[in-house]
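Colleague: got a sequence here, can you build the structure:
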Amino acid sequence: MRTWQDGTVTSPGEGDQARTPATLFEAIGGEPTFRKLVDEFYVGVASDPLLRPLYPEEDLRPAADRMTLFLMQYWGGPGTYSEQRGHPRLRMRHAPFRVGPAERDAWLRAMRRAVDSLALPQEYEQTLWDYLERAAYFMVNTNDDTPATPPQTP
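Modeller: Next up, the predicted model:
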């Protein structure tokens, strides 16, 4: 059975041989899996009245690319995100946007659908979901339960 500890997935070796570590990035399929995760997430963002206003760019592809690179790096993939953008500073980068409990919950619903679309083995799914859920709660920057009203088009 594989286990997750300290950022690596380990598989038991044969006999007395040491376990062979692999990153979660590698264990769940690398870049194609993370691209699918993020693409599925942004399908939800595009149609969600609470989430869509949080993305000022008309084209969601740049935001999706940034999120993909971040998640790949976080889970042990290439360090492209930091090479291109520096330290993630997630809270700072999201500070200009109102993220309250309603937005957090909408984000989690969209992400839950995306994670489920991957059909990962339970141990990897749970590890990934635990992180995503903690990150969503960490990003909340207001306790106001009233969601922001999307701007009205004249």
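Colleague: pull the residues that contact stretch 31-39.
Modeller: Contact with stretch 31-39 is made by 25, 64, 67-68, 71-72, 75, 77, 114-115, 117-118, 120, as judged by C-beta atoms under 8 Å, 6 or more residues apart in numbering. (Glycine included, C-beta is placed from N, CA and C.)
Colleague: just checking, residue 63 touches residue 46?
Modeller: No: contact criterion C-beta atoms under 8 Å: residue 63 and residue 46 do not qualify, at 10.7 Å.
Colleague: between those two, tell me which one has more neighbours.
Modeller: Applying other C-beta atoms under 10 Å to residue 63 and residue 46 shows that residue 63 carries more neighbours, namely 16 against 12.
Colleague: for the more buried one, what are its contacts?
Modeller: Contact analysis of residue 63 by C-beta under 8 Å, 6+ apart lists 42, 55, 57.
Colleague: what sits against the last one?
Modeller: The reference is to residue 57. Contacts of residue 57 (C-beta under 8 Å, 6+ apart): residue 63.
Colleague: then the first one?
Modeller: With contacts defined as C-beta under 8 Å, 6+ apart, the neighbours of residue 42 are 60, 63-64.
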